[in-house]
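S.K.: Build me a structure from this.
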Amino acid sequence: MNILVFAGTTEGRLLVEQLAKRADFQVCACVATEYGRDILEQDLSDQVEVKAGRLQLTEMQELIAGGFDWVVDATHPYATAVTENIQAACAAVQCPYLRLLRERTEFGEDCIFVEDTEAAVRYLNTTVGNVLLTTGSKELKSYGQVADYQERLYARVLPMEQVVKSCIQLGFSGSHLICMQGPFSKEMNVAMLKQLNCTCMVTKDTGAAGGAYEKYQAAQEAGTTLVVVGRAQEEKGLTLQQVLEKISNLPADGCKGKKGQAVDNSENINDTVSSESISQSPGRGALAEWFPLFVNLTGKRVVIVGGGKIARRRIETLLQFSCQLRIVASHISEEIRKAVQLEEGRQTAGGSHPDCRLLERPFQPSDLLDADFVLAATNNRELNRTIGKLCREKAIPVNVADVKEECDFYFPGIIIEGMLVAGVTAQGQSHSLAKKGSAAVRKAWKDIENR
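M.R.: Numbering: from 1, shown residues only. Reported below is the predicted structural model:
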């Protein structure tokens, strides 16, 4: 069963980790940022594909139509626009949908409840003293309407380069910008409130997984008023355990069900999201864009920038071809070193082996000199983008692992059986579909050989 998880929350990460333990599941997880990808990939096996980047509705439709049986929406309860797009995309391509929604927090009556960010700003303008904002960076611009905000407000945000830059542009900097990754304990929140001498703390109802109750406890202990920004709309959803139980009992051919059907977030699995007025996905029945060509790699210079899991898979494949490899990375994994050593041993024993050099240092533009092909496979979005740009300026074909739109060619699933060499791709839409296609080709060839 192929499952796509929009995993923008702690529960989403936990769901992906649990699903990855099942041999009968192929899992793809979507996150909004490279930072989210790094957090998610820390404890995941290679069988889980992680896609980073914010998707528009049409992009979601194309992705889901690439071969997924079920979609789980585990995005943040305040990301209402994203949830609406996911629901609409599932309805358009007739793929069932499950909503994993964290439960609300049982706050005490001594909190100040406001309906939205604008209402929180209005309330803060009736108060005095310092304020700790724990609502993230997206709505930070609105808090610039608080009187003396640069002196009163302290923003706690994720430690991401683009987040820091945007906060500084909005006037939050120095000691007023706190860049930390949660979760935060009650004790840490208390210490921060006391150190900053805060009279108010602003939070969203982020549920237990988002540390909302620890904020409430801390505010009580520190004598701070907790301002709670309400969720934009009432939503029904399943807990993490309920989603796991539901998926375990679902049919694998979910996309072949009733036209327009999408399993929603209620206990009734037959409830639907209407697909009226939503166009059908361009991913179904559309003309293919990517034509498979076979290129003679004998003596070609292939530069791979990156030393992690994705780079390793590329390297292990290319070591089976007669090209010259240059692997550049600040840190080259032990798995890559062992793969290269194994091929060197085969060469010594009389086998064929491509020329391969390991350069354990940061990437330099000069590494692209005389390159015939380049693979940018680091975990650094900006570095991958830079390599792609340099290659296009030099007219060097490049594959950028994390953004398909920046690729001149795709790196397909490779099947090598004797004289047979086959490549399978899902045109950058679905890694799990490509893996299924590769497995099908291998099985078909084995069946032919066994006749």
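S.K.: And the strands in the stretch 301-450 of the chain?
M.R.: Here the stretch 301-450 of the chain has its strands, by DSSP state E, counting those that start in this stretch, at 301-305, 324-329, 356-360, 373-376, 398-400, 413-417, 420-424.
S.K.: Please apply the same query to the stretch 101-250 of the chain.
M.R.: Going by DSSP E, counting those that start in this stretch, the stretch 101-250 of the chain shows strands at 112-114, 130-133, 153-157, 177-179, 198-204, 225-229.
S.K.: List just the one of the ones you listed that sits closest to Arg301.
M.R.: Nearest to Arg301 among the strands of the stretch 101-250 of the chain is strand 177-179; the distance by Cβ to Cβ comes to 40.8 Å. Yep, even glycine has a C-beta here, placed from its N, CA and C like the rest.
S.K.: what does the domain assignment say about the chain?
M.R.: 2-103+235-256, 112-229, 287-292+412-451, 301-411 (automatic domain parsing).
S.K.: start to end distance for the second one?
M.R.: Distance between the two ends of domain 112-229: 9 Å, counting by Cα to Cα, to the nearest Å.
S.K.: Give the rounded mean pLDDT of it.
M.R.: Here domain 112-229 scores 91 as its mean pLDDT.
S.K.: Let me have the strands of the stretch 101-250 of the chain in CSV, extended by distance to Ile414.
M.R.: Below are the strands of the stretch 101-250 of the chain laid out as CSV (distance: least, Cβ to Cβ, whole Å):
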stretch, distance to Ile414
strand 112-114, 56
strand 130-133, 50
strand 153-157, 42
strand 177-179, 42
strand 198-204, 46
strand 225-229, 50
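S.K.: Quick one: the ones you listed as TSV, columns for mean neighbour count too.
M.R.: Shown next, in TSV, are the strands of the stretch 101-250 of the chain (neighbours: other Cβ atoms under 10 Å):
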stretch	mean neighbour count
strand 112-114	17
strand 130-133	23
strand 153-157	22
strand 177-179	17
strand 198-204	24
strand 225-229	21
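S.K.: Phi first, then psi, for Cys407.
M.R.: phi -90, psi 140 (degrees, to the nearest 10).
S.K.: For it, give me the pLDDT.
M.R.: pLDDT, Cys407: 89.
S.K.: now the one 3 residues further on
M.R.: pLDDT, the model's per-residue confidence, is 84 for Tyr410.
S.K.: Wait, it touches Val398, no?
M.R.: No - contact between Tyr410 and Val398 fails when scored by Cβ atoms under 8 Å: they sit 11.3 Å apart.
S.K.: More neighbours: which of the two?
M.R.: Taking neighbours as other Cβ atoms under 10 Å, Tyr410 and Val398 compare with Val398 leading, 24 against 16.
S.K.: Find the residue closest to the more buried one in space, skipping its chain neighbours.
M.R.: Cys391 (3.7 Å; Cβ to Cβ, 6 or more residues apart in numbering).
S.K.: wouldn't the one you found be in contact with Leu369 here?
M.R.: No - with contact defined as Cβ under 8 Å, Cys391 does not reach Leu369; the gap is 11.9 Å.
S.K.: For these two, indicate the residue with more neighbours.
M.R.: Applying other Cβ under 10 Å to Cys391 and Leu369 shows that Cys391 carries more neighbours, namely 22 against 11.
S.K.: How about the contacts made by that one?
M.R.: Leu368, Ala371, Val374, Ala376, Pro397, Val398, Asp408 (Cβ atoms under 8 Å, 6 or more residues apart in numbering).
S.K.: what do you get for Leu140?
M.R.: Counted by Cβ under 8 Å, 6+ apart, Leu140 has contacts Leu133, Ala155, Val157, Ser166, Cys167, Leu170, Phe172.
S.K.: Does anything pack onto the lowest-mean-pLDDT helix or strand in the chain? Which helices or strands?
M.R.: Sorting the helices and strands of the chain by mean pLDDT, DSSP states H and E puts helix 34-41 at the bottom, at a mean of 72. Here helix 34-41 touches helix 10-19, strand 26-31, strand 48-52, going by 3 or more Cβ pairs under 8 Å, 6 or more residues apart in numbering; DSSP states H and E.
S.K.: Just name the most buried of the ones you listed.
M.R.: strand 26-31 (a mean of 26; mean count of other Cβ atoms under 10 Å).
S.K.: still on that earlier bit, and the angle from the least confident helix or strand of the chain to strand 26-31?
M.R.: 150 degrees (axes from the mean of the first three to the mean of the last three Cα atoms, to 10 degrees).
S.K.: Flag every buried residue along helix 34-41.
M.R.: Glu34, Tyr35, Gly36, Arg37, Ile39, Leu40, Glu41 (16 or more other Cβ atoms under 10 Å).
S.K.: One more: stretch 77-97?
M.R.: 77-79, 82-83, 85-97.
S.K.: got it, and stretch 221-240?
M.R.: Buried residues in stretch 221-240 (16+ other Cβ under 10 Å): Ala222, Thr224, Thr225, Leu226, Val227, Val228, Val229, Arg231, Gly237, Leu238, Leu240.
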